[in-house]
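Participant: Everything below, folded, please.
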Amino acid sequence: MARQCGGGEKEEEIVCLDESFFINDNYELTKFTFGSQILELYCLQSASTDFDLTGQLVWPGAMLLNEYLSKNVGLLKGCSVIELGSGVGITGILCSRFCREVWLTDHNNEVLKILEKNIELHHPSSDEHSCRAELVSEKLEWGNSDQINQILRRHPGGFDLILGADIYILISIRFQQSSVPLLFDTVKQLLQVKGKDCCKFILAYVSRAKIMDSLVINEAIRHGMQIHEIPETRSIVGNLEGAIFEVTL
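Facilitator: Prediction:
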């Protein structure tokens, strides 16, 4: 809602907008097809006014990652998976048809609402296509050790697979820095639970700026991780070039 700020009649009226002004929750039930898998979930059809609510729609990287996973379901069968920056949950929900359990995380409370709505939509009792994997949603701000430890207390054995799609593009206006270092801080903490060669991070990367291309690779290396592009995954998504990367200790 809008409200007036200021005092007397002679003062110029200034309209102050609450945060609700920026929130668009006109979600539409939308169908997506990946190989033989058909998903329906609620999402926006265009980006929110607020940059921090980008998780309300499906990004090209998620389409790229889901296409890759639908062709390589052997990676998922019987696995425990955690997804970073799940948004509306399109990747995690696809994984739930093959995995043992899937944890979907996001840092934004508004995005978590639609994520939880989509999880409920795909509950085994309401989704005839659903595998019986457990789906869990959890708040996770990258680099927040308390939140990471809270997840690991509930899942002490760690995860077999970490997933992310188009999750490196945000720049923090407040701190004038990229979220990429915090992303790889989080990835490293999660990889270390299982140890070397027992867990990997699969990242769907869509190139939007050359500076970001090098930043993602350099941050992985700076954190002591190996990163390589998976062969034959580079393709055009919309009008952008993307590829799938694998990151390990």
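Participant: and the biggest strand by length in the chain, what does it pack onto?
Facilitator: In the chain, taking DSSP state E as the definition, the longest strand is strand 240-248. Using 3 or more C-beta pairs under 8 Å, 6 or more residues apart in numbering; DSSP states H and E as the contact test, the elements touching strand 240-248 are helix 60-71, helix 180-194, strand 200-206, strand 226-229, strand 235-237. Backbone N, C-alpha and C define where each C-beta goes, glycine included.
Participant: Return the angle between stretch directions for it and helix 60-71.
Facilitator: With axes from the mean of the first three to the mean of the last three C-alpha atoms, to 10 degrees defining the directions, strand 240-248 sits at 60 degrees from helix 60-71.
Participant: Any chance you could list what contacts strand 240-248?
Facilitator: Residues outside strand 240-248 that contact it (C-beta atoms under 8 Å, 6 or more residues apart in numbering): 60-61, 64-65, 68, 187, 191, 196-197, 199-208, 216, 220, 225-230, 233-236.
Participant: any low-confidence regions in the protein?
Facilitator: By pLDDT under 70, the low-scoring segments of the chain are 1-23, 47-53, 125-132, 169-177.
Participant: Skipping adjacent residues, who's closest to residue 197 in space?
Facilitator: residue 248 (7.0 Å; C-beta to C-beta, 6 or more residues apart in numbering).
Participant: rewinding a little: from the contacts of strand 240-248, list just the buried residues.
Facilitator: Applying 16 or more other C-beta atoms under 10 Å to the contacts of strand 240-248, the neighbour count classes 60-61, 64-65, 68, 187, 191, 199-206, 216, 220, 225, 227, 233 as buried.
Participant: Find the residue at the geometric middle of the protein.
Facilitator: Geometric centre of the chain, nearest residue: residue 85, 2.3 Å, by C-alpha atoms, centre = their mean.
Participant: Compute the number of surrounding residues for the nearest residue to that residue once chain neighbours are set aside.
Facilitator: Residue nearest to residue 85 in three dimensions, not counting chain neighbours: residue 167, with 3.5 Å by C-beta to C-beta, 6+ apart. Residues within reach of residue 167, counting by other C-beta atoms under 10 Å, total 25.
Participant: ok, now which ones touch residue 167?
Facilitator: 61, 84-85, 183, 203.
Participant: Name the helix or strand for it, please.
Facilitator: Secondary structure here is read from DSSP states H and E; on that basis residue 167 sits in neither a helix nor a strand.
Participant: Residue 191: what's it in contact with?
Facilitator: Residue 191 touches 162, 199-201, 225, 247-249, counting by C-beta under 8 Å, 6+ apart.
Participant: Using CSV, lay out the residues you listed together with distance to residue 33.
Facilitator: Shown next, in CSV, are the contacts of residue 191 (distance: C-beta to C-beta, whole Å):
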residue, distance to residue 33
162, 25
199, 29
200, 27
201, 26
225, 33
247, 28
248, 31
249, 35
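Participant: Which stretches in this structure count as helices?
Facilitator: 60-71, 90-95, 109-121, 145-154, 180-194, 210-222 (DSSP state H).
Participant: So which elements touch the last one?
Facilitator: To tie it back to what came earlier, the one meant is helix 210-222. helix 180-194, strand 226-229.
Participant: what about the nearest residue to residue 116 once chain neighbours are set aside, neighbour count?
Facilitator: Nearest residue to residue 116, sequence neighbours excluded (C-beta to C-beta, 6+ apart): residue 137, at 5.2 Å. The local packing of residue 137 (other C-beta under 10 Å) involves 20 other residues.
Participant: again with residue 178
Facilitator: That count, for residue 178 with other C-beta under 10 Å as the rule, works out to 18.
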